[in-house]
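S.K.: okay, sequence plus prediction incoming.
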Amino acid sequence: MVPYGGFWWRVLAYLIDAILLQIALSILTGFLGLGVGFNAALMGGNEDLIMGPMVAASVLISFVAQWLYFALLESSKMQATVGKLAIGLVVTDLDGQRISFGRATGRYFAKILSGVILLIGYIMVAFTQRKQGLHDMIASTLVYKTRDPREVAEGADVFV
């Protein structure tokens, strides 16, 4: 049986994803000129007129980019983000099958709830039998410790 992806593996995968997202978002906002707008505001421009829309645009871009990153990759044939792939984790439905974009989107937004309640939704991964966080339970998903999603669906033993 393929083991479930435990708490610390998932934390490590998220740290990798967070670093990659931060780099990509820094490049994207710089390319879009949002970094230049921040500098202009700080160098004596009218901060009130410039900073509000710049911050709003950066927050919106960041939110949409993170949602698409997690939802598109976890619902793809890889069934994992880059961080999960690096660690060897895949996201499946309760039957070990690939999840849809809609379910991956629901899982992403359920992560907000997992975090808002003092991270208890994430900490649940360490204590539940199938290593599910609140967001996994809401979206009916599982995370397995394997590099090949077919091993979960076929029930093959990872370590043989």
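M.R.: Here it is on my side, so go on.
S.K.: quick one, helices of this structure?
M.R.: 7-31, 34-42, 47-74, 82-87, 101-116, 120-123, 134-139, 149-154 (DSSP state H).
S.K.: mind putting these in TSV, mean pLDDT included?
M.R.: As requested, the helices of the chain are exported to TSV (pLDDT from 0 to 100):
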stretch	mean pLDDT
helix 7-31	94
helix 34-42	56
helix 47-74	86
helix 82-87	97
helix 101-116	98
helix 120-123	98
helix 134-139	98
helix 149-154	80
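S.K.: which one of these lies closest to residue 1?
M.R.: With distances scored as CB to CB, the stretch of the helices of the chain nearest to residue 1 is helix 149-154 (9.5 Å). (Each C-beta comes from the backbone N, C-alpha and C, glycine too.)
S.K.: the closest one packs against which elements?
M.R.: Contact analysis of helix 149-154 by 3 or more CB pairs under 8 Å, 6 or more residues apart in numbering; DSSP states H and E lists strand 89-93 as its packing neighbours.
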